[in-house]
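Enquirer: give me a 3D structure for the following:
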Amino acid sequence: MSRSVLVTGGNRGIGLAIALAFAEAGDKVAITSRSGELPEELAKHQAIAVRCDINDAAQVDAAFTEIEAANGPVEVLVANAGITKDTLLLRMTEEDFTSVLDTNLTGTFRVVKRASAKMMRARKGRVVLISSVVGLLGSPGQANYAASKSGLIGFARSLARELGPRNITVNVVSPGFVDTDMTAVLSEERRKEIVSGVPLGRYAAPAEVASAVRFLSSDEAAYITGAVIPVDGGLGMGH
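Expert: Sure thing, here's the model as predicted:
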């Protein structure tokens, strides 16, 4: 049965792969991004794109209103939108820190809160938050990003307890290094260094992250909530 699915930050990289996976399965897919552009790959599936900055509560509410009018209340929410501002602690400004927390953590709070109201009325729903192996493993120069991504885990597990009685599951997918535009800018030396620490010896494909998200959103995962699913080639084992 076709569901109303929203993927934030769904215009490129991991978010686009996730949106495509749902669209190819026949779901009604909406994506949000700051640009509001609809990638060609999604246009083929009659997906819709809505301009939305998740740092703005009014824009979040307006985006949901538009999506609900087109596709019905959101039944599957994938909170993927996020930013990085990497630098070592002593060079990190307060704005570097707070802007990453505001987008990655508080922005996620805004979209989950807006989606969960309708899910609670329907007494069903799936929420998947996209964290990162860095959230528990840590990474030099990413104190702000790591803090935001580990915060998503505590947020998700609290909501899993809160929303579980209404048949709403809340889970986290924690990717490792994924072959996207963001990682393509790394030097060959740095890429080799990263891969050397990954037991499977390679980067993930975005579609591999999307597969985990689709599973957690499926009927087969109806009894899984509060889980953190790593898609990191073994990089974060033990964390």
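Enquirer: which helix runs longest in the protein?
Expert: Looking only at the chain and at elements set by DSSP state H, the helix with the highest residue count is helix 143-163.
Enquirer: list the buried residues for it?
Expert: By neighbour count with 16 or more other C-beta atoms under 10 Å, helix 143-163 contains the buried residues 143-153, 155-157, 159-160, 163. Yep, even glycine has a C-beta here, placed from its N, CA and C like the rest.
Enquirer: what stretches of this structure score poorly on pLDDT?
Expert: For the chain, not a single residue meets the criterion pLDDT under 70.
Enquirer: can you give me the strands for it?
Expert: Counting by DSSP state E, one finds strands in the chain at the ranges 4-8, 28-33, 48-51, 76-79, 125-130, 168-175, 228-231.
Enquirer: adjacent strands (with direction) for the second one?
Expert: Under the criterion DSSP bridges, strand 28-33 sits next to strand 4-8 (parallel), strand 48-51 (parallel) in its sheet.
Enquirer: could those go into JSON lines alongside distance to N171 and mean neighbour count?
Expert: As requested, those are arranged in JSON lines below (distance: least, C-beta to C-beta, whole Å; neighbours: other C-beta atoms under 10 Å):
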{"stretch": "strand 4-8", "distance to N171": "15", "mean neighbour count": "28"}
{"stretch": "strand 48-51", "distance to N171": "24", "mean neighbour count": "18"}
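Enquirer: can you redo these as a markdown table with distance to D232?
Expert: Written out in a markdown table, the entries for the strands paired with strand 28-33 read as follows (distance: least, C-beta to C-beta, whole Å):
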| stretch | distance to D232 |
| --- | --- |
| strand 4-8 | 20 |
| strand 48-51 | 29 |
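Enquirer: closest to K118 out of these?
Expert: Ranking these by proximity to K118 (C-beta to C-beta) places strand 4-8 first, at 9.5 Å.
Enquirer: list the contacts of the closest residue to A146 other than its chain neighbours.
Expert: Leaving out its chain neighbours, the residue that sits closest to A146 by C-beta to C-beta, 6 or more residues apart in numbering is V134, at 4.9 Å. Going by C-beta atoms under 8 Å, 6 or more residues apart in numbering, V134 touches 142, 145-146, 149.
Enquirer: which pair of the residues you listed spans the longest distance?
Expert: Q142 and K149 (8.9 Å).
Enquirer: where along the protein do the helices fall?
Expert: Assigned helices in the chain, in chain order: 13-24, 40-43, 57-71, 94-101, 107-122, 134-137, 143-163, 181-184, 188-196, 206-216 (criterion: DSSP H).
Enquirer: what angle sits between the first one and strand 4-8?
Expert: Translated: helix 13-24. Calculated by axes from the mean of the first three to the mean of the last three C-alpha atoms, to 10 degrees, helix 13-24 forms an angle of 170 degrees with strand 4-8.
Enquirer: helices or strands up against helix 13-24?
Expert: strand 4-8, strand 28-33, helix 40-43, strand 76-79, helix 206-216 (3 or more C-beta pairs under 8 Å, 6 or more residues apart in numbering; DSSP states H and E).
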